[in-house]
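**Q** Just need the structure, nothing else, for what follows:
(one chain, ligands or ions: 1)
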Amino acid sequence: MILVLLGPPGAGKGTHANLLETKRSLVKLSTGDMLRAAVAAGTELGRKASVIMERGQLVPDEIVIGLIAERLDAGSKGEGFILDGFPRTIAQAEALDRLLAERGTTLDGVIEMQVDDEALVERIVGRFTCANCGEGYHDSFMQTKVPGVCDRCGSTEFVRRRDDNEEVVRSRLEAYYAQTEPLIGYYKRQGKLVSVDTMSEIDVVHPAMMQALDAIKSKSVETPG
Ligand code: AMP
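**A** Next comes the predicted model:
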């Protein structure tokens, strides 16, 4: 199964992709994670991307399309892929359709994660993750049980993304509305869009996401191809 999570920064794409990945044996492909790994490794691609990412803009389509093509070719160890943060432009969406068709498969569905605009900046600016296991937290909404200690692995080291500050977040939101939001219409026209309200707590949103995924899955079984 191939599933896309679509939504503005701060909608919870990464968090919910991680949860669905575990529960439904899918492999998460996050272009943001791939680009941050390239930045950390200091590759040429990473050096090019980091300047753009720090401005909150989108890196060129051909770079992210290349990254996704490589991962699709590496195959899935699970039952398919969840794409988190890709596609983000119509050109990327068209490239994805093409890449999948060339591999004899097709996109099963897209979950649009809906959040109120005002909540996004607060959600993003407060978030941080464990430097060791990657568990996600938030200054206001999800603190560690013991201050300064990761609930999952006990590490005391945490990191914040460089682009999770208010100024860059505003540019990222602008990029979303200008370049990514048109994908809602693109996928609606293909009959592939399911929308989920993701304003509530994770415990409430997660079952709704599972339901959306299962609805997409049963539809793709009824009408293969
Ligand atoms: P994310 O982790 O998905 O929020 O992505 C972080 C940053 O990486 C974005 O603000 C962009 O600069 C870049 N990025 C990630 N995915 C894409 C994509 N599909 N197209 C263009 N830029 C991307």
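
**Q** Skip the chain neighbours and tell me the closest residue to the residue of the chain found nearest the ligand.
**A** The shortest separation between the chain and the ligand is 2.0 Å, found at residue 32 (distances taken as CB to the nearest ligand atom). C-beta: built from backbone N, CA, C; applies to glycine. Leaving out its chain neighbours, the residue that sits closest to residue 32 by CB to CB, 6 or more residues apart in numbering is residue 85, at 4.6 Å.

**Q** so what does the one helix or strand residue 4 maps to touch, helix or strand wise?
**A** Assigned by DSSP states H and E, residue 4 belongs to strand 2-6. Strand 2-6 sits against helix 13-24, strand 81-84, strand 109-114, helix 182-189, with contacts defined as 3 or more CB pairs under 8 Å, 6 or more residues apart in numbering; DSSP states H and E.

**Q** Turn those into a markdown table, including mean pLDDT, mean neighbour count and distance to residue 167.
**A** Output for the helices and strands packed on strand 2-6, formatted as a markdown table (pLDDT from 0 to 100; neighbours: other CB atoms under 10 Å; distance: least, CB to CB, whole Å):
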| stretch | mean pLDDT | mean neighbour count | distance to residue 167 |
| --- | --- | --- | --- |
| helix 13-24 | 90 | 19 | 21 |
| strand 81-84 | 96 | 24 | 24 |
| strand 109-114 | 97 | 22 | 24 |
| helix 182-189 | 97 | 15 | 25 |
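
**Q** Distance to residue 141 added to those, as JSON lines?
**A** What follows is the helices and strands packed on strand 2-6, written out as JSON lines (distance: least, CB to CB, whole Å):
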{"stretch": "helix 13-24", "distance to residue 141": "11"}
{"stretch": "strand 81-84", "distance to residue 141": "20"}
{"stretch": "strand 109-114", "distance to residue 141": "16"}
{"stretch": "helix 182-189", "distance to residue 141": "26"}
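
**Q** Make a markdown table out of the ones you listed and add distance to the ligand.
**A** Converted to a markdown table, the helices and strands packed on strand 2-6 look like this (distance: least, CB to the nearest ligand atom, whole Å):
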| stretch | distance to the ligand |
| --- | --- |
| helix 13-24 | 7 |
| strand 81-84 | 7 |
| strand 109-114 | 12 |
| helix 182-189 | 11 |
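
**Q** Let me know which of these is the nearest to residue 160.
**A** Comparing these by their distance to residue 160 (CB to CB), the top pick is helix 13-24, with 13.9 Å.
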